[in-house]
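got a structure for you, letters missing:
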């Protein structure tokens, strides 16, 4: 499988960027890349550092102190204020929508990817595959007006289910693509021996293929969770009442309401990102190797 | 292939075709297909239909022929939005690609600290575009932002209040979020280049720059195409960020197609013209995907079939 291959080749396929000069003057270190790498790291880190430290500053000291100096008297007041607002409600809404969309999306995509790989001789499944591939090239926003109409007609406007259904649909094309690429790497002999043992397709799918492609499933799950947790357009268009808001939308209206209280706004940004950060720390290895293996081909 | 399906036990109707005697396989694809058709394919067809109607988002939908299209095509707002979309696409590609490539090659080295760098690099991708836009709005505030606080005059600008500056900020923030991602793609690509190619070049006395241009760059051809496709098609979907950061302003300087569609549809309640814009957005997306595929000379669909 891709992941193990990439790590297995660690020592042999390095780009040569870090090689010591083997012959005098023939090679130098990759200065340009190094400068760009470190510089961009600073560009990436400084705003994040600023967000985090500012969220611990008192509103009064925000305007008075050096913005890049850590707070002299760190305070949790901003966090308390955010948590005592309706934030927990939005948090739960986001959690329901994310779990409610990601789990079905990954399950149906996995089943479809399995069918597409195992049944590639069938015209129907080839057509399904082409349809999903076409879906990759369509910008999501372009379909939002009919989605709005459909959700209204289904009487799902301003409901969490109304957010979940289109989220599943938008997650399917890429999930099927990534999962089918990994399922294709499962040795044919394994399928054959399952068949000789009399196992059904259903059993082969869950008992053999699923465990073997777990890294891909983790990658796809985290990726979709990220997309849906951070989704802004669907809740913007498909919900109306404040108690149906998800976090990104709540952040936006919170910012409009409390634009003077920058530390509190930034505390809500940090709290919103925390769950996804935890998910990233847990699944980082598989996500990074899955992404680089999937796109680097 | 079809022989794998345990036909006997599944009791499929005898009317099954010669090729695939029924079987469970096609059914496994049905749930995904139904949801995708319902909320992906039907809306795609629906948007074309809606572009020939007039609808205010609440009341009746009435057929109105080409009225919406005439309104949209004669509006100077459309060429402007198309132009801004194209500029965002080109500028974000031109800014991100060289930097991502450079950083990706650097990250492909195997030192431990570079692995740590890769972890830190990923963080911007975890934040929602709404959160990023909100943070940057505060950060760039001319009175209370970073520049004012540090007393660096160069950073004290009305960043979001002037057209050219606001446009540059959008490109920068997009790059801030996505350069790390593309660097990781390039890192993966560089690591797959066989070491022996570099050794051979070294024997011929090739220097670093020479090796980069005659080995690394040509070997990364498909990685560059993949990364560019994601960038270019992705640039059509910068809605959240621009909506929160500038709302298309100042003076429509950042009003891309997606934002134009939203404003016409959900703020001016003109769903007909907004649907026409959406159709244009789809056409631009498809045209770009086809163009990039032609450029790559590789049909991703064909390679999928080969792999099967």
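In hand now; what should we look at? As the structure is a computational prediction, the values presented were derived from the model and not from experiment.

Give me the spatial nearest neighbour of residue B:100, chain neighbours excluded.
Nearest in space to residue B:100, with sequence neighbours left out and distances taken as Cβ to Cβ, 6 or more residues apart in numbering or on different chains, is residue B:182 at 3.6 Å. (Glycine included, C-beta is placed from N, CA and C.)

And residue B:41, how far from chain A?
7 Å (Cβ to the nearest Cβ, to the nearest Å).

neighbours around the residue nearest to that residue when sequence neighbours are not counted, how many?
The shortest distance from residue B:41 to any non-neighbouring residue, by Cβ to Cβ, 6+ apart, is to residue A:131 (7.0 Å). Neighbours of residue A:131 under the rule other Cβ atoms under 10 Å in any protein chain shown: 18.

I'd say residue A:131 and residue B:36 touch.
Yes: counting by Cβ atoms under 8 Å, residue A:131 touches residue B:36, with 7.2 Å between them.

Would you map the strands across the stretch 101-250 of chain A?
Under the criterion DSSP state E, counting those that start in this stretch, the stretch 101-250 of chain A carries no strands.

quick one: low-confidence parts of the chain?
Went with chain A since none was named. For chain A, residues meeting the criterion pLDDT under 70 lie at A:1-29, A:288-297.

let's do chain B instead
B:1-22, B:296-308.

For it, which residue gets nearest to chain A?
For chain B and chain A, the shortest gap (Cβ to the nearest Cβ) falls at residue B:188, measuring 2.8 Å.

Just give the number of residues close to residue A:278.
10.

That one belongs to a helix?
Yes: counting by DSSP: H, G, I helix; E, B strand; the rest coil, residue A:278 is part of a helix.

In the stretch 1-150 of chain A, what residue spans correspond to helices?
Assigned by DSSP state H, counting those that start in this stretch, the helices in the stretch 1-150 of chain A fall at A:2-8, A:31-55, A:59-62, A:77-84, A:87-118, A:123-137, A:144-153.

Distance from the chain centre to the shortest one, please.
This means helix A:59-62. Averaging C-alpha positions (Cα atoms, centre = their mean, to the nearest Å) puts helix A:59-62 34 Å from its chain's average.

which outside residues touch that helix?
Residues from elsewhere that reach helix A:59-62, judged by Cβ atoms under 8 Å, 6 or more residues apart in numbering or on different chains: A:54, A:71, A:72, A:73, A:78, A:260, A:261, A:262, A:263, A:264, B:144.

Packing partners of the one helix or strand residue B:178 maps to?
Secondary structure from DSSP states H and E places residue B:178 in helix B:163-191. Applying 3 or more Cβ pairs under 8 Å, 6 or more residues apart in numbering or on different chains; DSSP states H and E, one finds that helix B:163-191 makes contact with helix A:31-55, helix A:262-296, helix B:77-107, helix B:112-121, helix B:123-126, helix B:129-139, helix B:221-235, helix B:240-245.

Next, the buried residues of the first one.
Of the residues in helix A:31-55, those buried by neighbour count under the rule 16 or more other Cβ atoms under 10 Å in any protein chain shown are A:33-34, A:36-37, A:40-41, A:44, A:47-48, A:50-51, A:53-55.

check whether it contacts chain B.
Yes: remark: helix A:31-55 sits within contact range of chain B at A:32-34, A:36-37, A:40-41, A:43-45, A:47-48, A:50-51, by Cβ under 8 Å from any Cβ of the partner chain.

who's in contact with residue 176?
Chain wasn't specified; assuming chain A. Contact partners of residue A:176, counting by Cβ under 8 Å, 6+ apart, are A:109, A:112, A:113, A:116, A:129, A:132, B:32.

that's the wrong chain, I wanted chain B
Taking Cβ under 8 Å, 6+ apart as the test, what residue B:176 contacts is A:43, A:44, A:47, B:124, B:132.

How about residue A:93?
A:160, A:243, A:244, A:245, A:246, A:247.

Double-check residue A:47 against residue B:135; I have them as touching.
Yes: using Cβ under 8 Å, residue A:47 is in contact with residue B:135, at 6.5 Å.

For the helix holding residue B:178, could you pull out the residues that count as buried?
B:165-167, B:169-191.

now residue B:37: how far from residue A:172?
10 Å (Cβ to Cβ, to the nearest Å).

what about the two, which has more around it?
The neighbour comparison of residue B:37 against residue A:172 (other Cβ under 10 Å) goes to residue A:172, with 27 against 16.

just the contacts of residue A:176 now: which is nearest residue A:151?
Nearest to residue A:151 out of the contacts of residue A:176 is residue B:32 (Cβ to Cβ; 19.6 Å).

Report how many residues lie close to the closest one.
Per other Cβ under 10 Å, the neighbour tally for residue B:32 reads 30.

OK, contacts around it?
Neighbour list for residue B:32: A:108, A:109, A:111, A:112, A:128, A:132, A:172, A:176 [criterion: Cβ under 8 Å, 6+ apart].

For PyMOL, write the selection for the buried entries among those residues.
In PyMOL syntax, the buried subset of the contacts of residue B:32 is picked out as below (16+ other Cβ under 10 Å):
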select buried, chain A and resi 108+109+111+112+128+132+172+176
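
with the contacts of residue B:32 in mind, which one is nearest to residue B:280?
residue A:132 (23.5 Å).

Verify the stated contact: that closest one with residue A:171.
No: applying Cβ under 8 Å, one finds residue A:132 not in contact with residue A:171, separated by 11.2 Å.

sorry, back to before: was I right to think the residue of chain B closest to chain A contacts residue B:223?
Yes: here residue B:188 reaches residue B:223: they are 7.5 Å apart, a contact under Cβ under 8 Å.

Show residues contacting stretch B:80-95.
With Cβ under 8 Å, 6+ apart as the test, stretch B:80-95 has contacts from B:167, B:170-172, B:174-175, B:178, B:228, B:231-232, B:235-236, B:238, B:252-257, B:259-260, B:277, B:280, B:284.

Hmm, I typed the wrong one, I wanted stretch A:101-110.
For stretch A:101-110, the external contacting residues (Cβ under 8 Å, 6+ apart) are A:163-164, A:167-168, A:171-172, A:175-176, A:179, A:205, A:210, A:217, A:220-221, A:224-225, A:228, B:31-32, B:35.

Double-check residue A:242 against residue A:86; I have them as touching.
Yes: counting by Cβ under 8 Å, residue A:86 is a contact partner of residue A:242 at 6.9 Å.

what residues are shared contacts of these two?
Taking Cβ under 8 Å, 6+ apart as the criterion, residue A:242 and residue A:86 do not both touch any residue.
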